[in-house]
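Student: Model the following, please.
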Amino acid sequence: MSWILLVVAVVVILWVVGAYNGLVALKNQVINAWKQIDVQLKRRHDLIPNLVNTVKGAMEFERGTLEAVIAARNKAVSAQGVAQTAKAEGELSQALGRLFALTENYPELKSSQNVLQLQEELTSTENKVGFARQLYNDVATQYNTKQAQFPTNLVAGMAKASPAELWELDDQAARAVPMVDLSFNKPVA
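Tutor: The predicted structure follows:
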């Protein structure tokens, strides 16, 4: 009888250790995934002043747009936490979108290799940020699910596990479905 109790105790202890270590590993993966987002956002933030400086001379009377991009960038750089960062980055994306739309009105900017290269680098970085966000949300969801599942939830407190915040879109404009018109009824210029 004592052997059976000993075996049961060992099995329970091994399970607790495994569950604890599993939660710690997932917590560390969430932290790493967040750091990957941070690396890509820093790259994005570093590219923006170069873009603004490159277009500044040609777009002097568009000063408000340029200042809005820099203000949004500064807000994004100082954002803390997932929700605040997501909101600030959404505002930065909108400001950049307005800047890119305005550059279309300047033929010298549309043909500038520096502007084109910076736009390409920002687009590439945006893609990397998107992939990093997806990885972060996947790992955070896995971590949150593991914490909530029985019987692992009994060990979650010992592992100091708390739910990870997911990266969500707050901006309704970012959620909007783009309108695409492929009709042939448009006048030809």
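Student: if you skip the residues just before and after it, what's nearest to the residue nearest in space to the middle of the chain?
Tutor: What sits nearest the mean C-alpha location of the chain, by C-alpha atoms, centre = their mean, is residue 133, with 4.1 Å. Excluding the flanking residues, the one nearest residue 133 by C-beta to C-beta, 6 or more residues apart in numbering is residue 167, at 4.9 Å. C-beta: built from backbone N, CA, C; applies to glycine.
Student: how about the strands of the protein, start to end?
Tutor: For the chain, applying DSSP state E gives no strands.
Student: give me the low-pLDDT residue ranges for this structure?
Tutor: 59-61, 169-189 (pLDDT under 70).
Student: Please, where are all the helices along it?
Tutor: Using DSSP state H, the helices of the chain run over 2-56, 63-78, 81-103, 107-110, 113-148, 153-156, 172-175.
Student: Any idea which of these gets closest to residue 163?
Tutor: In terms of C-beta to C-beta, the element of those nearest to residue 163 is helix 113-148, at 4.9 Å.
Student: between the closest one and helix 2-56, how many degrees?
Tutor: 160 degrees (axes from the mean of the first three to the mean of the last three C-alpha atoms, to 10 degrees).
Student: starting at the chain centroid, how far to helix 113-148?
Tutor: How far helix 113-148 lies from its chain's middle: 5 Å, per C-alpha atoms, centre = their mean, to the nearest Å.
Student: in it, what's buried?
Tutor: Buried residues in helix 113-148, counting neighbours by 16 or more other C-beta atoms under 10 Å, are found at 115, 118-119, 121-122, 125, 128-129, 132-133, 135-137, 139-140, 143-144, 146-147.
Student: now swap in stretch 90-108 and tell me
Tutor: Under the neighbour-count criterion of 16+ other C-beta under 10 Å, stretch 90-108 has 90-96, 98-99, 103 buried.
Student: Can you lay out these as JSON lines showing distance to residue 80?
Tutor: Formatted as JSON lines, these follow (distance: C-beta to C-beta, whole Å):
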{"residue": "90", "distance to residue 80": "16"}
{"residue": "91", "distance to residue 80": "15"}
{"residue": "92", "distance to residue 80": "15"}
{"residue": "93", "distance to residue 80": "19"}
{"residue": "94", "distance to residue 80": "20"}
{"residue": "95", "distance to residue 80": "20"}
{"residue": "96", "distance to residue 80": "21"}
{"residue": "98", "distance to residue 80": "25"}
{"residue": "99", "distance to residue 80": "25"}
{"residue": "103", "distance to residue 80": "31"}
